[in-house]
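**Student:** Pasting a predicted model and its sequence here:
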Amino acid sequence: TLGHAFLDKGYNVTTFNHRNGESIGLNVSFGNKPSKVGESTYNLIITVPNSGGGKGYLAIKQLRLICTNGMVQSKLMHKDSYIKIPHTIDYKDSLVLMQKSIEGFVSLLEQVEQRDILLDGQKLSHIEIMFNLNKWFYEQEMPRGHKTDMSFDEFRKLLAINPNEIKSIDRYNELKKAFNTEMEYNAELGLNASMYTVYASVTNYLSRRVEISKSTASNEVQIERSSKKLSYFDAF
């Protein structure tokens, strides 16, 4: 019912579910919007755990057009991130919920835009960028079993003198490839190297990992899982 309320207002809506309906959701397209770091499309993702509680949450899927597939969904915790969806809902109630969803989406969109501007404002040297990329990979992406008794500095040393000893070096090389691609985009868009370059490289890498994944989960669920690895950037 809520999905049809969005459809009737002219939005493009698709549905998804996870584990045979354990979670259900809507993917609502809000179109393109230019920004300081390049034009992006934005989708509102409404996910509802189908457990009887009826408490859903909102998220944004941001796709930077120059990357074609380079941005990962950003789920930001905020008072407007949650929406109460009762199991007994009529069409009038769904219109009210739709309006609340849009209001929450606008609030989240503002946060995403401010985050992009904040990260872009932190200019970095090549050495600083590589330090942050390496630190993100070590903390968020490197399998725990691959770094047993290996400190971050030891990981960096191996990268310099014997990278093939690192069990997950293929993944790391994918991240480096994403970084090189982002540097090309920076040149095309006239952007300086910054913390946003690190963030964009990571999201580019994560989105491509989702692309080649053989998981049976929906794309929305896989992207949401990947977005948890972006917590590294909360400190910036």
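**Tutor:** It's in. Values in this document were obtained by computation on a predicted structure and should not be read as measured data.

**Student:** worst-scoring helix or strand of this protein, pLDDT-wise?
**Tutor:** Least confident element among the helices and strands of the chain, by mean pLDDT, DSSP states H and E: strand 82-84 (a mean of 82).

**Student:** check which helix or strand covers Ser227.
**Tutor:** Ser227 is part of helix 219-227 when elements are defined by DSSP states H and E.

**Student:** Tell me which residues are up against that helix.
**Tutor:** With C-beta atoms under 8 Å, 6 or more residues apart in numbering as the test, helix 219-227 has contacts from 16, 18, 23, 25, 27, 45, 47, 59, 61, 72-75, 206-207, 209-210, 213, 215, 217. Yep, even glycine has a C-beta here, placed from its N, CA and C like the rest.

**Student:** Let me see the mean pLDDT of stretch 129-147.
**Tutor:** For stretch 129-147, mean pLDDT rounds to 96.

**Student:** residue ranges of the helices in the chain, please?
**Tutor:** 2-8, 91-120, 126-136, 152-161, 169-189, 195-212, 219-227 (DSSP state H).

**Student:** got the buried residues for the fourth one?
**Tutor:** When you say that, I think you mean helix 152-161. Buried residues in helix 152-161, counted by 16 or more other C-beta atoms under 10 Å: Phe155, Leu159.

**Student:** mind starting the numbering at 48 from now?
**Tutor:** Right, with 48 as the first residue, what we last looked at is helix 199-208.

**Student:** and Ser274, how many residues sit next to it?
**Tutor:** 20 (other C-beta atoms under 10 Å).

**Student:** got it, and Ile113?
**Tutor:** With neighbours defined by other C-beta under 10 Å, the count for Ile113 comes to 17.

**Student:** which ones are touching it?
**Tutor:** Residues near Ile113 by C-beta under 8 Å, 6+ apart: Gly85, Glu86, Tyr232, Glu235, Leu236.

**Student:** Against Phe63, how distant is it?
**Tutor:** Distance, Ile113 to Phe63, by C-beta to C-beta, to the nearest Å: 26 Å.

**Student:** follow-up on the earlier one: the least confident helix or strand of the chain: partners in the sheet, and parallel or antiparallel?
**Tutor:** Strand pairing for strand 129-131, using DSSP bridges, gives strand 102-111 (antiparallel).

**Student:** buried sites along the strand it pairs with?
**Tutor:** Across strand 102-111, burial judged by 16+ other C-beta under 10 Å covers Gly103, Tyr104, Leu105, Ala106, Ile107, Lys108, Gln109, Leu110, Arg111.

**Student:** Export these as TSV, with columns for pLDDT and distance to Asp163.
**Tutor:** Converted to TSV, the buried residues of strand 102-111 look like this (pLDDT from 0 to 100; distance: C-beta to C-beta, whole Å):
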residue	pLDDT	distance to Asp163
Gly103	83	26
Tyr104	86	22
Leu105	88	18
Ala106	88	16
Ile107	88	12
Lys108	88	15
Gln109	88	9
Leu110	88	13
Arg111	87	9
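
**Student:** list the contacts for the closest residue to Asp163 other than its chain neighbours?
**Tutor:** Using C-beta to C-beta, 6 or more residues apart in numbering and skipping residues adjacent in sequence, the residue nearest Asp163 is Val84, 5.1 Å away. Counting by C-beta under 8 Å, 6+ apart, Val84 makes contact with Arg111, Asp163, Ile164, Asp167, Leu236, Leu238, Tyr243, Ala247.
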